[in-house]
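A predicted structure for the sequence below; I have some questions about it.
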Amino acid sequence: MIPAVQIDDLAFSHPGDTTPTIDGLSLTIPTGESVAILGPSGAGKTTLLTLLDGRLRRWQGRVSILGLALDPDAPPPLSRRADSGFIFQEFALVERSTVLRNVLNGRLGRMGVLRALLGRPSAHDLSVARAAMTDCGIADLANRRVDSLSGGQRQRVAIARCLAQEPRLILADEPISNLDPARATEILTLLTHAARKRGATTIFTSHQPDLARRFADRIVGLRNGRIVVAAATADLTEDATAALYELNDAARAPQLQVIS
Ligand SMILES: Nc1ncnc2c1ncn2[C@@H]1O[C@H](COP(=O)(O)OP(=O)(O)O)[C@@H](O)[C@H]1O
Ligand SMILES: [Mg+2]
């Protein structure tokens, strides 16, 4: 089967930065898996997700998403853009609009141009949006304005909007930062269940090794744009597990070279 993501020798520097943000990274992610990317702030997690979403230019190496090679000089073709869905750390919702309208926004890339322009979803668009809201536990909030919701509810709306897009690859940037442990578990449960039900591959970034091990099939530890641990969760060695917990230790982590 074609992997969801195939990265070979990827390198990228933000314009003006002297050190590379992504530095010789290679990784294969099988289709349908749930993958956690762990690493301290500044490791390059958000940069990597943004690149996989086709939004960065001028990188080096080879990257294929669902069998399509990304072009470092151009965005993906329009016909493929809805295949990857991004859940932003700051949600990026339309605050003064309803939950249903926000979730339907996820379908814009799947609607015909005219429907999108007129804001007229089809019965199918509505049914996909309702299924996404149900899976995120927010069906009863459909007509509420987003600016009246709690942080946890907003996060559910952001996930439902992404699911309504019917992406084959879900990229979630720190979906559980700022949540207490009970809420974090709920969010990762619904995200990974909904993705699995739809056969989608999920990549989420996190700082929490315990939750990553519980919810991810595969774990990638990143530091300074390099992979220091990469393994199927079931195959994590003791050394690799220890390395995941030491990722945030500036003194120790640069020496980590546990590629298993
Ligand atoms: N838009 C940008 N312009 C310049 N440098 C950036 C930009 N975004 C991120 N960086 C730099 O790239 C590095 C990795 O950042 P980021 O990908 O946000 O890491 P993480 O998500 O792991 O915290 C950091 O050193 C950060 O300062
Ligand atoms: Mg980040």
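Okay, I see it. Ligands and ions are numbered 1, 2, ... in the order given.

Going by C-alpha atoms from here, please, whenever you check contacts or count neighbours.
Noted.

ok, the most centrally placed residue in the chain - contacts?
With distances taken as Cα atoms, centre = their mean, the residue of the chain nearest its centroid is Leu171 (1.6 Å). Leu171 makes contact with Leu49, Asp53, Ser84, Gly85, Phe86, Ile87, Thr202, Ile203, Phe204 under the criterion Cα atoms under 8 Å, 6 or more residues apart in numbering.

Tell me how far the second one lies from Ser64.
Asp53 sits 11 Å away from Ser64, taking Cα to Cα, to the nearest Å as the criterion.

Then the third one?
Distance from Ser84 to Ser64, counting by Cα to Cα: 12 Å.

who has more neighbours, the two?
Counted by other Cα atoms under 10 Å, Ser84 and Ser64 do not tie: Ser84 has more neighbours, with 22 against 18.

where's that one relative to Ala164, distance?
Going from Ser84 to Ala164 by Cα to Cα gives 12 Å.

Equivalent analysis for Leu56, please.
Distance check for Leu56 against Ala164: by Cα to Cα, it reads 24 Å.

Same question for Tyr245.
To Ala164, Tyr245 is 35 Å away according to Cα to Cα.

Tell me which of these two has more neighbours.
Neighbour totals were compared for Tyr245 and Ala164, and Ala164 leads with 27 against 17 (other Cα under 10 Å).

quick one: the more buried one and His124 touch, right?
No: the pair Ala164 / His124 is not scored as a contact, 10.7 Å apart, by Cα atoms under 8 Å.

Thought Val146 was touching Glu95, still the case?
Yes: with contact defined as Cα under 8 Å, Glu95 reaches Val146; the gap is 4.9 Å.

Compare those two (neighbour count), which wins?
Taking neighbours as other Cα under 10 Å, Glu95 and Val146 compare with Val146 leading, 23 against 14.

Contacts (any at all) between ligand 1 and stretch 162-173?
No: using Cα under 6 Å from any ligand atom, stretch 162-173 never reaches ligand 1; the gap is at least 7.9 Å.

what does the chain put close to ligand 1?
Remark: the part of the chain in contact with ligand 1 comprises His14, Thr21, Pro40, Ser41, Gly42, Ala43, Gly44, Lys45, Thr46, Thr47, using Cα under 6 Å from any ligand atom.

how about 5 Å then?
His14, Ser41, Gly42, Ala43, Gly44, Lys45, Thr46, Thr47 (Cα under 5 Å from any ligand atom).
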